[in-house]
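Participant: Give me a model of this one.
(2 chains)
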Amino acid sequence: MTVQTMRAWPMIAIAALTLGALSGGAAYENARPRTGVWREIAWPFPRDGWPAGRAFRCGAASCGDEIEVYVRPKIGFCNCDSGVADDDEVDRVADLDLMSPRFVPLKAGDVVRVADMPGRLRSYDLKMPTGVQHAAVGIAVSRRCDLLVAVAQGTGEAPRVQQVALEFLASADMTRWMTAAMDGR
Amino acid sequence: MGGRVNWAVFLSISVFVFASGAHAQSQVIGAPPEASNMKLVGTNDLQARSAYQPTIHHQGDRWIAYIGHHGGSDDNPDPVNPQTGKAEPNGTSIVDVTDPAQPKYLRHIPGQEGKYESGGAQMVRICDGKDLPKGDPNAVYLLRTFGSEAHEIWNVADPANPVLITRIAGLKDTHKNWWECSTGIAFLVSGAPDWRTRRMTQVYDLSDPAHPTKIRDFGLPGQEPGSTGAVPTELHGPISTGPAGNRVYFGYGTNKGGFVQIVDRDKLINGPKEPTPDNLRYPEISRLAMSALNGAHTTFPMQGMPIAEFARDKDGKTRDIVMIVDEAILNECGEPRQMVWFADVTVENRPMMISSYTVPEASGNFCERGGRFGSHSSNESMAPVFYKKMAFIAFFNAGIRALDIRDPYHPKEVGYFIPSITAATDKRCVTIDGKDRCKVAIQTNNVETDARGYIYIVDRANTGMHILELTGTARAAAGLP
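Facilitator: So this is what the prediction gives:
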């Protein structure tokens, strides 16, 4: 260790402590659930077999990365007894194909409950038509013979997209709307 | 004076229109059936079980109706079989219809426990052992689904005492099979556990029903095991024209995103069998995409139809036609209209829709009657009595509809029959403001004809089976005496 290095040591220690504090703060920020600022946008897909649903966007400033969520009921599209039985069913029904037919599941899905309806969710790598890779989360829940599907996609990591989307869907306004939509209102 | 007469005429017409409208809006027990050019010959209550596929078989000197059932209802999951005194899950009804005015219920074979689409034994096909290449010539074989988990073959040579022969199990779903009696080749609508779709095709050689031999699994690229990305619409059912026609017409989509897939039967059976995307594409000749708003429940082929209007044309006098029947799913018009379509597939790689048919809703205020309104299925018998001349379409609360299809470019309704409801007719509900609102209406689900010209319709809402015949101009259009 040279004299010059010895003189620099306190500065290095302070810089390290500062960096550590900053990155710790950032990590805390990422881990902490925060409510994004969501804006409703026009349903961005052409007409298909189901009536259009509702689409929402949360900007990077609020959600860390730009994330969009599309949600709609599919009335009469579910096995009345078994509900959303497996991951294949999420692949089939969760509207991922509206964005791109090319998606690959990242892992096995999980059970989920949205607006008090049981179902499953699964995360995917989604290759957009532009060639850009996005993270996506498909969600399908059911009540009797009807489905409610939601899909979220963004440029960030899938766990973050999932966390933000579920938080948004759990909001009082969305829960109220999804419940009403399943009643045909 | 003239004014008074006009006023009286106006009043009379108003009363008549009001009365007709009121009558048309809801069915009541005890009211007569609504009919035009069709008449009731006989009925059987089918033990008040929700009915799907009827198949009518000429068996020796008898005529036997085999009827597949959906699962039971919330109110009555396992109706009591009066013959055994026991509650039995809905399965297969066997009815002697030799005298169609006095059908005799012979036997109920219980199906899979479960309600609605999750139980029962919806589908049934029949082949004589003497027609199957390796069948027992004394046997009559019944191929049926067993709920969502299996296909079964029974010997029904004595229809009152069926005997189970074999079972193909381990499935996650089943549905509307097709079985060629002359070859034994069966196109089984199955849910193979490792496929990404609920319903695909398993091609089997059932020429020896006691020893089923699997030929291959078949579906659309994207449905096969290990694939990723979008999953194409699931299969509803195929109809094969056998070795002579060498085509299988597959209907996908039920009530949404439908299409007809035209497949080379020989390539399907004898081509490469590993379910790779290339191998799945190999036997396909073409697809006819429908609107995303409609699906394909039944794809009924009529190859080589002579078209009177084209008789003097130097080319194209006969056409290959496929009649496509969508299935309505939701009660009280909760979806786009499901109806009937006719496609000209003469040029197979350029199939084209040429016409359509629906019951006019206003003719019976069908959206308000309760239950489903829209098409579901057609007769599938190719017996000469009606083939390429008349088609019968099950239209749920609008009953059965007889179409003159001799010019498939301009199909024309020539008769209908809407059975009366009974105490057994089950309710159908919609959700209004979070609460169920229920109505009772006939739900004509499926239909089949026999070679004698009788029409058998069965009800999804537990009203049983009605045996009908054509009358008047409809009978004349069919060329019946």
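Participant: Now do the contacts for the most centrally placed residue in chain B.
Facilitator: For chain B, the residue nearest the mean C-alpha position is B:Ser377 (3.6 Å; Cα atoms, centre = their mean). Going by Cβ atoms under 8 Å, 6 or more residues apart in numbering or on different chains, B:Ser377 touches B:His297, B:Thr298, B:Val325, B:Glu327, B:Ile393, B:Ala394, B:Asn445, B:Asn446, B:Val447. Every residue, glycine included, has its C-beta placed from N, CA and C.
Participant: out of those, who's nearest A:Val141?
Facilitator: Lowest distance from A:Val141 to the contacts of B:Ser377 (Cβ to Cβ) belongs to B:Glu327, with 24.7 Å.
Participant: so what's the closest one up against?
Facilitator: Counting by Cβ under 8 Å, 6+ apart, B:Glu327 has contacts B:His236, B:Thr254, B:Asn255, B:Gly295, B:His297, B:Gln338, B:Gly374, B:Ser375, B:His376, B:Ser377.
Participant: Over to the spatially closest residue to the fifth one that is not a sequence neighbour. Which of the three states is it?
Facilitator: Nearest non-adjacent residue to B:His297, counting by Cβ to Cβ, 6 or more residues apart in numbering or on different chains: B:Glu327, 3.8 Å away. B:Glu327 carries the three-state label coil when classified by DSSP: H, G, I helix; E, B strand; the rest coil.
Participant: can you check A:Arg176 too?
Facilitator: Under three-state DSSP, A:Arg176 comes out as helix.
Participant: Can you tell me, leaving aside adjacent residues, what's nearest to B:Asn161?
Facilitator: B:Arg107 (7.2 Å).
Participant: before we move on, which element is the one you found in?
Facilitator: strand B:104-109 (DSSP states H and E).
Participant: and that strand, which strands flank it?
Facilitator: For strand B:104-109, the paired strands and their directions (DSSP bridges) are strand B:92-96 (antiparallel).
Participant: Now the strand it pairs with: average pLDDT?
Facilitator: Mean pLDDT, strand B:92-96: 98.
Participant: Same check on stretch B:447-458?
Facilitator: 98.
Participant: do stretch B:107-122 as well
Facilitator: 95.
Participant: Off-centre distance for that stretch?
Facilitator: The chain centre lies 17 Å from the centre of stretch B:107-122; the measure is Cα atoms, centre = their mean, to the nearest Å.
Participant: Contact partners for B:Ser241?
Facilitator: I think there's a mix-up here, since residue B:241 is Thr and not Ser. B:Arg247, B:Val248, B:Tyr249, B:Arg265, B:Pro301, B:Gln303.
Participant: what about it, distance to A:Phe77?
Facilitator: Going from B:Thr241 to A:Phe77 by Cβ to Cβ, to the nearest Å gives 32 Å.
Participant: One more: A:Asp125?
Facilitator: Taking Cβ to Cβ, one finds A:Asp125 at 25 Å from A:Phe77.
Participant: quick one on the thing from earlier: using TSV, please lay out the contacts of B:Glu327 together with secondary structure and pLDDT.
Facilitator: Formatted as TSV, those follow (DSSP: H, G, I helix; E, B strand; the rest coil; pLDDT from 0 to 100):
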residue	secondary structure	pLDDT
B:His236	strand	97
B:Thr254	coil	91
B:Asn255	coil	94
B:Gly295	coil	96
B:His297	coil	96
B:Gln338	coil	98
B:Gly374	strand	98
B:Ser375	strand	98
B:His376	strand	98
B:Ser377	strand	98
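Participant: Farthest pair within these?
Facilitator: B:His236 and B:Gly374 (14.8 Å).
Participant: Show me which of the two is the more surrounded one.
Facilitator: Using other Cβ atoms under 10 Å in any protein chain shown, the more surrounded residue of B:His236 and B:Gly374 is B:Gly374, with 28 against 25.
Participant: isn't that one right up against B:Phe395?
Facilitator: Yes - the pair B:Gly374 / B:Phe395 is scored as a contact, 6.9 Å apart, by Cβ atoms under 8 Å.
Participant: Close to chain B: what parts of chain A are there?
Facilitator: A:47-50, A:75-76, A:79-82, A:88-89, A:91-92, A:96-97, A:101-105, A:183-185 (Cβ under 8 Å from any Cβ of the partner chain).
Participant: repeat that for 7 Å
Facilitator: A:48-49, A:75-76, A:79-81, A:88, A:91-92, A:97, A:101-104, A:183-184 (Cβ under 7 Å from any Cβ of the partner chain).
Participant: quick one: contacts for B:Met302?
Facilitator: By Cβ atoms under 7 Å, 6 or more residues apart in numbering or on different chains, B:Met302 lies in contact with B:Ile321, B:Met323, B:Lys388.
Participant: which SS state does the last one fall under?
Facilitator: The three-state assignment at B:Lys388 reads coil, by three-state DSSP.
Participant: my read: it touches B:Gln303, true?
Facilitator: No - using Cβ atoms under 7 Å, B:Lys388 is not in contact with B:Gln303; the gap is 9.2 Å.
Participant: in the stretch 101-250 of chain B, which spans are helices?
Facilitator: B:242-245 (DSSP state H, counting those that start in this stretch).
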